[in-house]
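[1] I'd like to go over a predicted model; first the sequence, then the structure.
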Amino acid sequence: FEREFNMSDNTFADLVNYTEEKGIKATQEEVLVSKNKIKTLFKSFVGRNILEDEAFYPIYLKIDTTFNRAVYELHQN
């Protein structure tokens, strides 16, 4: 799942359009800055629905800044 499933750019565009239709507006810059994080979150939640936490955490923790900072700090000592 982790290697083979990815949110396509078309699906991402559909999501952005859907949110705009629902009244959630974002600038093009905001969308571009958030794109990778949104795609990763989407993938992690789809993974959780299919394979539970075994698919969620390996994907989600890649973008969890608090977790990654804690790992960094632990390796410094």
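    Yes, it's here. Numbers count the residues shown, from 1 in each chain.
[2] remind me, longest helix of this protein?
    Ranked by residue count and defined by DSSP state H, the top helix of the chain is helix 28-51.
[3] what helices and strands are in contact with the helix or strand just after that one?
    Towards the C-terminus, the helix or strand next in line after helix 28-51, according to DSSP states H and E, is helix 53-60. Counting contacts by 3 or more CB pairs under 8 Å, 6 or more residues apart in numbering; DSSP states H and E, helix 53-60 is packed against helix 28-51. Using the backbone N, CA and C atoms, a C-beta is placed for each residue, glycine as well.
[4] tilt between the helix it packs on and helix 53-60?
    Comparing the axes of helix 28-51 and helix 53-60 via axes from the mean of the first three to the mean of the last three CA atoms, to 10 degrees yields an angle of 160 degrees.
[5] need the CA coordinates for helix 28-51. CSV is fine.
    Only the C-alpha atoms of helix 28-51 are listed here, as CSV (Å, rounded to 0.1, in the frame of the first residue of the first chain):
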residue,chain,number,x,y,z
GLN,A,28,-3.2,29.1,-5.2
GLU,A,29,-0.2,29.5,-3.0
GLU,A,30,-1.9,28.0,0.0
VAL,A,31,-3.0,25.0,-2.1
LEU,A,32,0.6,24.5,-3.4
VAL,A,33,2.1,24.8,0.0
SER,A,34,-0.3,22.3,1.5
LYS,A,35,-0.5,19.8,-1.5
ASN,A,36,2.0,17.3,-0.3
LYS,A,37,0.7,17.3,3.3
ILE,A,38,-2.9,16.9,2.1
LYS,A,39,-1.9,14.0,-0.2
THR,A,40,0.0,12.3,2.6
LEU,A,41,-2.9,12.7,5.0
PHE,A,42,-5.4,11.4,2.4
LYS,A,43,-3.1,8.4,1.8
SER,A,44,-2.7,7.7,5.6
PHE,A,45,-6.5,7.8,6.2
VAL,A,46,-7.3,5.6,3.3
GLY,A,47,-4.6,3.2,4.6
ARG,A,48,-6.2,3.3,8.0
ASN,A,49,-9.6,2.4,6.5
ILE,A,50,-8.2,-0.5,4.6
LEU,A,51,-5.4,-1.9,6.8
